[in-house]
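Enquirer: need coordinates for the below:
(2 chains)
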Amino acid sequence: MFLTSYLLFLHIDKKQTMQQLSEQEIVRRENLQKIRDLGIDPYPPEQFDVTAFAADIAANFEEEVLEDGKKQGLNYQEVSLAGRVMASREAGKALFMNIQDSSGRIQLYLRREEICPGEDTTLFDVVIKKLLDLGDFVGVKGFAFRTRTGEVTIHVKEFVFLSKSIRPLPIVKRDAEGNVFDAFTDPEQRYRMRYVDLTVNPQYKDIFIKRSKLLAAMRRYFDNQGWLEVETPILQPIHGGAAARPFETHHNTLDMPLYLRIANELYLKRLIVGGFDGVYEIGKMFRNEGMDRTHNPEFTSMEIYVAYKDYHWMMAMVEECLEYVAKAVLDGATEVQFGDHVINFAGPYERISILGGIQKYTGKDVAAMDEAQLRQFCKELHIETEDNWGRGKMIDEIFGETVERHLIQPTYVIDYPIEMTPLAKKHRTHPGLVERFELYVNGKEIANAYTELNDPIDQRERFEDQMKLRERGDEDAMALDEDFLRSLEYGMPPTSGLGIGIDRLAMMLTNQQAIQEVLFFPQMRPKQ
RNA sequence: GAUCUCGUAGCUCAGCUGGUAGAGCACUUGACUUUUAAUCAAGGGGUCCUGGGUUCGAGUCCCAGCGGGAUCACCA
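Expert: Numbers count the residues shown, from 1 in each chain, chains lettered A, B, ... in the order given. Model prediction:
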């Protein structure tokens, strides 16, 4: 009974599925079955040993001219390579293919009399010419040579199926003049089906290779300093360390709400309290806010805390670190093209105070203004103020409106109003300010750092100020974390901390204007 | 969240003031032993994003919805 209905279901399902398939998909499924009927496994379990890569052969093949005028290859005369079939050109009893492996593409040359030396020409005439489709993975053995037109090509002696593709790829084609046909450029399609994007637009792989080099280089730099890479909770009962709306989830056994972290700052500082000199974490943060070309709901952040240091030391460290990372990503260069500008990551970077910056670009001294005068200045700049904004918020807005866009080369903006920054230590000489810097590149913030606040009494007061802001309607104001305060009460050494937005840095180093281009799988609204 | 804009074959796109849905590549069949977006000949392929409306008639005009992109607001 159950079996019958299950089979019936399968039958109906298959029928419905077949109806939705395109002609090309049906043909490919039929080809798959015909291959099986010929006793060939289209998905063989055995490994295929690869001995060469397309790009290496194309770049390094050498040949000599013999006495009789014939040419003889000097290397790659017995190679085994594998990849996806990206083009196929039949020429009667011969056939040209292009296959693509992880390194690039190379042409294959197959002749019937060599693939099928005997009477039975099924393998060449049926399997390779009819049943092979673009997108299939194949393995070949043969030798390299140069065709009349000069293209390095593999003369194939043996051919095997490695995996059948039953869905047509949107293969991009280029003619001799470099004109592109059928470009797969729709961002929606590219992001939703990144596997297709990477296959048919392999140039985008370079962005992700650079991103990987960036992360590896940053880890290497920190590890060389002797600092410890750590992991802290992503599921947090209190979402602290930043001003942002969190994602909320629920733990069944504990029967309590948990939040996906918006920051890991408070946990990393607990580890400094616990006695580590330097800790860093590279990981995902989650913020339940808008999505656009510079914001994804989950993003990668690097945060580092080093004991007995202050923010001046941190600025020097960041200059050295970013120069090191840039060289690793840019093959030794520190300069990179980004949009219309050339950014140079070699230090030292210009330093400008937030108040000095406003003075420089507006000629006004906002330090001397009271709240009412600041509000008036905002009005002159066409900044719409809200009633609950204090001096700090307005100064921050004025800065954003008048200064940020001028900061193209890496620039430290230092010494922020205390209201905006509840986790940083009060400035050693300027009342009302904290010891904080942000690093701006191309008008965008990519790093944020403090001399960390380690006075537990001051920290408690700052949290209480945040709670007042929350009562005034600021949903993003920071929550008081009692356990974090307890840790400070036990004593935290003087410490400097830093956060870097890795995605943004990756965008800078790869000249990409959209965060989606440096994320393999950016968040998208589900279809249907 | 607001404004603008786009959605047509597997891919890239055309489709006029409303009148039987098109091209190139891909696919199918055939020819071709150094081709290269191979070529040549023939052929098949559509929920025109979805749902309403106007009209004798809608891919086209109107409304709503879904999805994308751009700009803006908040944020890193």
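
Enquirer: so where do the helices sit in the stretch 401-528 of chain A?
Expert: A:456-471, A:482-490, A:502-510 (DSSP state H, counting those that start in this stretch).

Enquirer: buried deepest among those helices, which one?
Expert: helix A:502-510 (a mean of 24; mean count of other C-beta atoms under 10 Å). Every residue, glycine included, has its C-beta placed from N, CA and C.

Enquirer: is it positioned near RNA strand B?
Expert: Yes - against RNA strand B, helix A:502-510 shows contacts by C-beta under 7 Å from any atom of the strand at A:503-504.

Enquirer: run through who's touching that helix.
Expert: With C-beta atoms under 8 Å, 6 or more residues apart in numbering as the test, helix A:502-510 has contacts from A:206-207, A:210-211, A:214-215, A:282, A:294, A:296, A:299-302, A:322, A:325-326, A:329-330, A:336, A:338, A:343, A:441-442, A:444-446, A:512-515, A:517-519.

Enquirer: out of those, which are close to RNA strand B?
Expert: Among those, the ones lying near RNA strand B by C-beta under 7 Å from any atom of the strand are A:294, A:296, A:299, A:445-446, A:514-515.

Enquirer: of all those, which two lie farthest apart?
Expert: The largest separation in these, counting by C-beta to C-beta, is between A:445 and A:514 at 17.2 Å.

Enquirer: tell me how many other residues crowd residue A:525.
Expert: 6 (other C-beta atoms under 10 Å).

Enquirer: number of nearby residues for residue A:74?
Expert: Residue A:74 has 11 nearby residues by other C-beta under 10 Å.

Enquirer: how about it, nearest residue that isn't a chain neighbour?
Expert: residue A:62 (4.5 Å; C-beta to C-beta, 6 or more residues apart in numbering).

Enquirer: just checking, the one you found touches residue A:72?
Expert: No - using C-beta atoms under 8 Å as the test, residue A:62 is too far from residue A:72 to be in contact (10.0 Å).

Enquirer: residue A:28 against residue A:134, yeah?
Expert: No - judged on C-beta under 8 Å, residue A:28 makes no contact with residue A:134 at a distance of 9.8 Å.

Enquirer: can you pick out the residue with more neighbours from the two?
Expert: residue A:28 (22 against 17).

Enquirer: and the closest residue to RNA strand B within chain A, how close does it get to residue A:133?
Expert: The minimum distance from chain A to RNA strand B, using C-beta to the nearest atom of the strand, falls at residue A:92 (2.0 Å). Applying C-beta to C-beta, to the nearest Å, the value for residue A:92 to residue A:133 is 20 Å.

Enquirer: picking up where we left off before, list only buried entries from the contacts of helix A:502-510.
Expert: Buried members of the contacts of helix A:502-510, scored by 16 or more other C-beta atoms under 10 Å, are A:207, A:210-211, A:214-215, A:282, A:294, A:296, A:299-302, A:322, A:325-326, A:329-330, A:336, A:338, A:343, A:441-442, A:444, A:446, A:512, A:515, A:517-519.

Enquirer: which members of those residues occur in strands, if any?
Expert: A:282, A:299-302, A:336, A:338, A:343, A:441, A:444, A:446 (DSSP state E).

Enquirer: what about the helices in the stretch 101-250 of chain A?
Expert: So, for the stretch 101-250 of chain A - with DSSP H, counting those that start in this stretch - the helices run A:112-115, A:122, A:187-192, A:194-200, A:205-224.

Enquirer: any chance of TSV for these, columns mean pLDDT?
Expert: Converted to TSV, the helices of the stretch 101-250 of chain A look like this (pLDDT from 0 to 100):
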stretch	mean pLDDT
helix A:112-115	92
helix A:122	91
helix A:187-192	86
helix A:194-200	92
helix A:205-224	96
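
Enquirer: can you lay out those as TSV showing distance to residue A:404?
Expert: Output for these, formatted as TSV (distance: least, C-beta to C-beta, whole Å):
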stretch	distance to residue A:404
helix A:112-115	64
helix A:122	68
helix A:187-192	27
helix A:194-200	32
helix A:205-224	24
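
Enquirer: RNA strand B contacts on the stretch 1-150 of chain A?
Expert: Selection of the stretch 1-150 of chain A residues close to RNA strand B by C-beta under 7 Å from any atom of the strand yields A:22-24, A:27, A:31, A:87-94, A:96, A:98, A:107, A:109, A:111-113, A:130, A:133-134, A:145, A:147-150.

Enquirer: buried ones from those residues, can you make that a PyMOL selection?
Expert: Filtering these down to the buried ones (16+ other C-beta under 10 Å) takes a single PyMOL command:
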select buried, chain A and resi 31+88+96+98+107+109+111+112+133+134+145
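
Enquirer: next step: the residues of the stretch 1-150 of chain A next to RNA strand B restricted to strands.
Expert: Using DSSP E, those in strands are A:87-91, A:94, A:96, A:98, A:107, A:109, A:111, A:145.

Enquirer: out of these, who's nearest residue A:157?
Expert: Nearest to residue A:157 among these is residue A:111, at 9.7 Å by C-beta to C-beta.

Enquirer: any idea what the closest one is bridged to?
Expert: residue A:94 (DSSP bridges).

Enquirer: correct me if wrong: it contacts residue A:94.
Expert: Yes - contact criterion C-beta under 8 Å: residue A:111 and residue A:94 qualify, at 5.0 Å.

Enquirer: quick one: low-confidence ranges for the stretch 401-528 of chain A?
Expert: A:527-528 (pLDDT under 70).

Enquirer: how does it look with 80?
Expert: Residues of the stretch 401-528 of chain A that meet the criterion pLDDT under 80 lie in A:469-470, A:472-477, A:526-528.

Enquirer: mind listing what residue A:171 touches?
Expert: Neighbours of residue A:171 in contact, by C-beta under 8 Å, 6+ apart: A:86-87, A:134-135, A:182, A:200.

Enquirer: can you put the residues you listed in TSV and add distance to residue A:357?
Expert: Below are these laid out as TSV (distance: C-beta to C-beta, whole Å):
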residue	distance to residue A:357
A:86	52
A:87	56
A:134	56
A:135	54
A:182	49
A:200	46
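
Enquirer: any idea which of these is least confident?
Expert: Lowest pLDDT of the contacts of residue A:171: residue A:182, 85.

Enquirer: and it, how far from residue A:200?
Expert: Shown here: residue A:182 relative to residue A:200, a distance of 9 Å by C-beta to C-beta.

Enquirer: these two: who's more crowded?
Expert: Set side by side, residue A:182 and residue A:200 show more neighbours around residue A:200, with 22 against 10, by other C-beta under 10 Å.

Enquirer: you'd agree that one is up against residue A:184?
Expert: Yes - the criterion here is C-beta under 8 Å, and residue A:200 meets it with residue A:184 at 5.0 Å.

Enquirer: and for the two, which residues touch both?
Expert: Residues touching both residue A:200 and residue A:184 (C-beta under 8 Å, 6+ apart): A:170, A:172.

Enquirer: quick one: which of the helices of the stretch 401-528 of chain A is nearest residue A:289?
Expert: Residue A:289 lies closest to helix A:502-510 among the helices of the stretch 401-528 of chain A, at 14.7 Å (C-beta to C-beta).

Enquirer: and the closest one, how far out from the chain's middle?
Expert: In terms of C-alpha atoms, centre = their mean, to the nearest Å, the centre of helix A:502-510 is found 8 Å from the chain centre.

Enquirer: how about stretch A:133-140?
Expert: Distance of stretch A:133-140 from its chain centroid, counting by C-alpha atoms, centre = their mean, is 29 Å.

Enquirer: if you count neighbours, what's buried in it?
Expert: By neighbour count on 16+ other C-beta under 10 Å, the buried set for stretch A:133-140 is A:133-140.

Enquirer: what lies in contact with stretch A:234-245?
Expert: Here stretch A:234-245 makes contact (C-beta under 8 Å, 6+ apart) with A:246, A:249, A:251, A:256-266, A:283-289, A:423, A:475-479, A:481, A:484.
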